[in-house]
Structures are given as C-alpha cells and as structure tokens.
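In: have a look at this fold, sequence not included:
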C-alpha cells in the first residue's frame with residue numbers, strides 16, 4: 001500500500017535548485033541551503049522542475065519512510081525558499097521578553113532573568129515585550145526552539161499565564177469555589 005502523500009510530486013520554484021548526489025539531496029534557495037539523506041529502498045528523481053519520490057520495493061519499512069522522505073524534501077524546498085516562523089506570545093503580569101544581542105532575555109516571575117542564545121540558523125524577532133517570533137530555514141529546528149521557549153513557562157489552566165503559541169487555545173479550569 002503506497003503512501004498517498006509520497007506519490008505527490010514536489011514542484012521546484014524558479015529560485016530554488018535541487019541537486020542529487022547518490023542518496024544525498026541538497027536544496028539551495030534565496031534563504032540558504034539545506035540537505036537530507038534518503039534511506040535505502042527509496043529513489044528520488046528530478047525531472048522538469050519536479051521532484052518525484054518512489055519506492056524501490058514493497059517492504060513495510062520502506063513503505064513507512066516513503067511519505068516521510070517526500071515531506072522532508074518538500075520542507076527543505078519550502079524552508080530555503082520562504083523559511084519557517086513560529087510566533088509566541090507571553091501572557092501574565094510582569095512577564096516580558098527583550099532582545100539581547102542575537103538571543104533573548106525573559107522575565108517570567110522567577111527570581112532571576114532567563115536568557116536564551118540563538119542556535120545556529122535561528123533568528124529571533126521581538127515585536128513588543130510580549131510577542132516574539134522564531135525563524136529559520138529548518139522546520140524541525142524552528143519548532144524545537146519554539147517548544148523549548150514555551151517550556152520555560154507553559155500556560156497554566158487557571159489564569160492562562162505563561163508562554164503560548166499565537167492562536168493556541170488553553171483550556172481553562174474553574175478555581176476553588178468560595179463559600
């Protein structure tokens with residue numbers, strides 16, 4: 001049973017170049033360059049501005065990785081062309097963020113400020129003291145860094161205070177009932 005996602009061809013935009021070197025796929029675009037390895041049993045072909053991923057055998061392991069490889073290559077192309085961004089907001093009295101060099105400085109109600117340095121390939125943008133965005137060309141790294149920032153002070157269910165993704169719904173609970 002072939003993957004429905006894996007069968008779809010990936011269109012290559014005009015400002016992006018994709019090169020194959022054995023089982024190594026490299027993508028270069030206006031935002032930068034990135035690459036990934038293709039596992040055994042899966043072939044990748046480039047023809048007339050499209051990347052086509054196909055299975056070489058019908059084994060379960062190959063079938064499991066088929067759609068994954070197609071998604072990874074599509075993410076590489078999208079990341080090098082447009083980049084990825086995760087937006088976060090901070091809610092709570094006295095909770096704020098400030099840019100400090102290439103990193104961030106958080107004030108989250110602890111007895112000390114929390115500092116985060118920007119990993120390689122990641123840029124932070126602070127729009128105001130309660131909103132920030134994490135950007136980069138690697139989808140996985142952008143998501144991981146945003147999750148690490150959210151983990152500093154996850155939103156709590158009673159007052160909703162903490163760091164959350166923009167648009168994230170936090171389920172609220174009723175507090176203790178008074179007399």
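Out: Structure's in. What do you need? None of these values were measured; they are calculated from a predicted model.

In: separation between the nearest residue to residue 121 once chain neighbours are set aside and residue 154?
Out: Closest residue to residue 121 apart from its sequence neighbours, by Cβ to Cβ, 6 or more residues apart in numbering: residue 136 at 5.0 Å. From N, CA and C alone the C-beta is placed, and that goes for glycine too. Distance, residue 136 to residue 154, using Cβ to Cβ, to the nearest Å: 22 Å.

In: please apply the same query to residue 8.
Out: 36 Å.

In: then residue 24?
Out: In terms of Cβ to Cβ, residue 24 sits 38 Å off from residue 154.

In: give the contact list for residue 103.
Out: 115, 116, 117, 118, 124 (Cβ atoms under 8 Å, 6 or more residues apart in numbering).

In: give me the spatial nearest neighbour of it, chain neighbours excluded.
Out: residue 117 (4.3 Å).

In: so what's the backbone phi/psi at the one you found?
Out: phi -90, psi 150 (degrees, to the nearest 10).

In: which stretches in the protein count as helices?
Out: 4-7, 60-81, 139-152 (DSSP state H).

In: so which of these comes closest to residue 90?
Out: Ranking the helices of the chain by proximity to residue 90 (Cβ to Cβ) places helix 139-152 first, at 9.6 Å.

In: tell me what angle the closest one forms with helix 60-81.
Out: Following axes from the mean of the first three to the mean of the last three Cα atoms, to 10 degrees, one obtains 80 degrees for the angle between helix 139-152 and helix 60-81.

In: tally of neighbours for residue 47?
Out: By other Cβ atoms under 10 Å, 8 other residues sit near residue 47.

In: give me the below-cutoff pLDDT ranges for this protein.
Out: The chain contains residues with pLDDT under 70 at 1-2, 178-179.
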